[in-house]
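Novice: what follows is a predicted structure for the sequence shown.
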Amino acid sequence: MAISFASSSSSPFSTLSLSRKPLPFSCSLPKSPIKTKKFNARIIAFAYKAAGLKSKQKIQKINEEVSPHRAVSAVRLLRIEQGGAFADLLSEKGRGAAENEMAYVERTLGFRTRDLEDRDLRLVTDIVGGAVRWRRLLDHLILSLCHEERTFREMEPLLLQILRIGFFEIVKLAMPPYAVVDENVRLAKVALRPGAGNMVNGILRKLVLLKETNSLPLPKIEGDARAQARALAVIHSHPVWMVRRWTNFLGQEEAIKLMNWNNGDPRFCLRVNTSRGYTRTDLVEKLEMLKVPHEPSPCMDDFVRVQTGLQTVIQAGLLREGVCSVQDESAGLVVSVVDPQPGETIVDCCAAPGGKTLYMASRLRGQGMVVAIDLNKGRLRILKETSKLHNLDGVITAIHSDLRLYSEKTNLKFDKVLLDAPCSGLGVLSKRADLRWNRSLEDLEQLMDLQDELLHAASRLVKPGGILVYSTCSIDPEENEERIVTFLRRHPEFAIDPVDRYVPPDFTTKEGFYRSNPVKHSIDGSFAARLVRSLNQENPATKK
Ligand SMILES: C[S@@+](CC[C@H](N)C(=O)[O-])C[C@H]1O[C@@H](n2cnc3c(N)ncnc32)[C@H](O)[C@@H]1O
């Protein structure tokens, strides 16, 4: 709802709408400017105050010409590229996220848009996720349709985002092309200048013609392995190094299937919060009432898959009220590998924001303890808040520390130790649309060193006969199996404890590890190894 001043046309605020902090009334300003000047000023000051704005803050008029979801998408894409935001910024992460975002839109474009409705929010999520995922392909097409390479290379960032939106809508969403052209031209004209609108018009119209004649300029998959990887990287919109790596590990056919999965709509899963006394049946009833399509997870009792409708779940307050959490089954299966039992002491070594900590704690049924360590204070704060919301703060103790320092200083030993290590995240690319562009081969090498150090540190916390679980949300053997091989070479006091007792057989590897494969299991990719520490054998390196 908006505060609207249906005032005399001479008022600069005649169509003013303070859309973010609504007041449940509208008021007309008195007509005589002389007698009522003071009164008007007071009314305006009051309305500003009610809207949470200082009176000197300039309020822009609402622009009714451009489609709000495109304006918001363009600005969000800009922010993602500049590293300031993730693709899920408008979801319920962080209070005031929506308000902040609309303020960004206003500052960047110089005008306000009307508030986003649910439908607009869904469009923003689809367009932003899609334009980020398909960036390499979209840029290849935009570049091909520019007069010269310089035009593309030197294009101003906002114009490029508007073109990416238009290209994505035409090429991937197959939306009515001329409506897409008109809408994006208008956005470029209003947000930039008429010339920018003309350029968008020219390029998008060329694209429409090529699409209609089925002659988009796409590279051919031919030549040596490197050339083929380059072509695949454009067609399936991934970095070349990832394509080469997966082609080597999996073969070209499987690599293409994996890229198709990464480019598809992300699938989400909800875990019911049993710690709040809810059952899966309760959650299913709520989803039915909300008309959210769902199906029970075939591999995890507390989980329900939702194909679409996550925004509806969020807006209905199911997360805020602690009924359920968004958690992938792949993360739940890692907790099953840990197999928390009432009365046990568990340390979660890289715990924040706490998805696995909370699930482990809920499986203790009020008896035992989970110590949650993390280096990141902000993420640890989220963990603490959520543990209160889920009635689990009595079992969870959060510790802000570098695991390597903590494990050197403490004498505590735990029944079970989970190291959910920082990793490339290559198993969750369908959900984290931006991640593929933020990772490099060099990152992977640095991560492996860190993973070795953290594994060594985590191993110090395991009591004799205790369990160490190492997990990642990566599908890369170098971050997974190879880290375990390296660790076991240095730590003969640990041995593999096969996971077949804890997860369905479809998820076990011949070495006794847990592995989920997005293409095969339709869940995120992840890995876990369960290691048991011998009762008597000590390793001098881990002795205190
Ligand atoms: C994969 S995330 C953990 C996700 C978490 N287990 C969950 O399920 O929500 C990895 C975490 O490791 C933390 N981290 C990285 N280096 C660390 C270190 N040296 N000591 C402790 N935590 C660290 C990061 O801050 C990050 O929160």
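Specialist: Received, thanks. Residues are numbered from 1 along each chain as shown.
Novice: how near is the spatially closest residue to residue 206 that is not a sequence neighbour to residue 250?
Specialist: Ranked by Cβ to Cβ, 6 or more residues apart in numbering and with sequence neighbours excluded, the top spatial neighbour of residue 206 is residue 145, at 5.0 Å. C-beta here means a position set from N, CA and C on the backbone, and glycine is covered the same way. Taking Cβ to Cβ, to the nearest Å as the measure, residue 145 falls 33 Å from residue 250.
Novice: who's more crowded, the two?
Specialist: For residue 145 and residue 250, the more surrounded residue by other Cβ atoms under 10 Å is residue 145, and the numbers stand at 20 against 16.
Novice: what residues are up against that one?
Specialist: Counting by Cβ atoms under 8 Å, 6 or more residues apart in numbering, residue 145 touches 203, 206-207, 210, 217.
Novice: rebuild those as TSV, extending it with secondary structure, distance to residue 283 and neighbour count.
Specialist: Converted to TSV, these look like this (DSSP: H, G, I helix; E, B strand; the rest coil; distance: Cβ to Cβ, whole Å; neighbours: other Cβ atoms under 10 Å):
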residue	secondary structure	distance to residue 283	neighbour count
203	helix	47	23
206	helix	49	14
207	helix	44	23
210	helix	47	17
217	coil	48	10
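Novice: which member of those residues is positioned nearest residue 189?
Specialist: Residue 189 lies nearest to residue 203 out of the contacts of residue 145, by Cβ to Cβ, at 14.3 Å.
Novice: that closest one contacts residue 163, doesn't it?
Specialist: Yes - Residue 203 is in contact with residue 163 according to Cβ atoms under 8 Å; the separation is 6.3 Å.
Novice: what do these two both touch?
Specialist: residue 142.
Novice: go ahead and name everything in contact with stretch 212-221.
Specialist: The contact list for stretch 212-221, computed with Cβ under 8 Å, 6+ apart, reads 140-141, 144-145, 171, 177, 207, 210, 228, 230-232, 234-235.
Novice: straight-line length of that stretch, end to end?
Specialist: End-to-end span of stretch 212-221 (Cα to Cα, to the nearest Å): 23 Å.
Novice: and that stretch, how far from the chain's centre?
Specialist: Here stretch 212-221 is found 31 Å from its chain centre; the criterion is Cα atoms, centre = their mean, to the nearest Å.
Novice: residues making contact with the helix or strand containing residue 71?
Specialist: Using DSSP states H and E, residue 71 maps to helix 68-81. Contacts of helix 68-81 with the rest of the structure, by Cβ under 8 Å, 6+ apart, involve 63, 85-87, 89-90, 101-102, 104-105, 108-109, 113-116, 120-121, 123-124, 127-128, 131-132, 157-158, 161-162, 164-165, 183-184, 187, 191, 434.
Novice: equivalent analysis for stretch 452-459, please.
Specialist: Contacts of stretch 452-459 (Cβ under 8 Å, 6+ apart): 347, 349-350, 403-404, 406-408, 417, 419, 421-422, 468, 470, 483, 486-487, 490-491, 494, 533, 541-542.
Novice: tell me how many other residues crowd residue 222.
Specialist: Considering only other Cβ under 10 Å, residue 222 is surrounded by 8 other residues.
Novice: point to the residue nearest the middle of this protein.
Specialist: Centroid-nearest residue in the chain: residue 432, 4.6 Å away (criterion: Cα atoms, centre = their mean).
Novice: which one is it nearest to, not counting chain neighbours?
Specialist: The shortest distance from residue 432 to any non-neighbouring residue, by Cβ to Cβ, 6+ apart, is to residue 425 (6.0 Å).
Novice: surely that neighbour meets residue 473?
Specialist: Yes - between residue 425 and residue 473 there is a contact at 5.6 Å, judged by Cβ under 8 Å.
Novice: which one's more surrounded, the two?
Specialist: A direct count of neighbours by other Cβ under 10 Å for residue 425 and residue 473 places residue 473 higher, at 25 against 21.
Novice: quick one: residues contacting the more buried one.
Specialist: Residues in contact with residue 473, defined by Cβ under 8 Å, 6+ apart, are 330-331, 423, 425, 427-428, 524-526.
Novice: from those, which land in strands?
Specialist: Residues of the contacts of residue 473 located in strands (DSSP state E): residue 526.
Novice: can I get the contacts of residue 473 in CSV with distance to residue 267 and pLDDT?
Specialist: Formatted as CSV, these follow (distance: Cβ to Cβ, whole Å; pLDDT from 0 to 100):
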residue, distance to residue 267, pLDDT
330, 11, 98
331, 14, 98
423, 21, 97
425, 17, 95
427, 13, 97
428, 11, 96
524, 9, 97
525, 13, 98
526, 14, 98
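Novice: from the contacts of residue 473, which are also near the ligand?
Specialist: Taking Cβ under 6 Å from any ligand atom as the test, the ligand is in contact with residue 331 out of the contacts of residue 473.
Novice: now the strands for this structure?
Specialist: Ranges of strands in the chain, per DSSP E, are 3-4, 17-18, 268-272, 294-296, 303-306, 324-326, 345-348, 369-374, 396-400, 414-420, 462-472, 494-496, 514-516, 526-533.
Novice: turn the ones you listed into CSV, including mean neighbour count.
Specialist: Listed next are the strands of the chain as CSV, based on neighbours: other Cβ atoms under 10 Å:
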stretch, mean neighbour count
strand 3-4, 20
strand 17-18, 20
strand 268-272, 23
strand 294-296, 16
strand 303-306, 21
strand 324-326, 22
strand 345-348, 26
strand 369-374, 24
strand 396-400, 18
strand 414-420, 25
strand 462-472, 22
strand 494-496, 17
strand 514-516, 25
strand 526-533, 25
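Novice: distance to residue 279 for those strands - can I get that in a markdown table?
Specialist: As requested, the strands of the chain are arranged in a markdown table below (distance: least, Cβ to Cβ, whole Å):
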| stretch | distance to residue 279 |
| --- | --- |
| strand 3-4 | 44 |
| strand 17-18 | 44 |
| strand 268-272 | 6 |
| strand 294-296 | 12 |
| strand 303-306 | 11 |
| strand 324-326 | 11 |
| strand 345-348 | 24 |
| strand 369-374 | 22 |
| strand 396-400 | 22 |
| strand 414-420 | 26 |
| strand 462-472 | 27 |
| strand 494-496 | 35 |
| strand 514-516 | 25 |
| strand 526-533 | 26 |
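Novice: all set, thanks.
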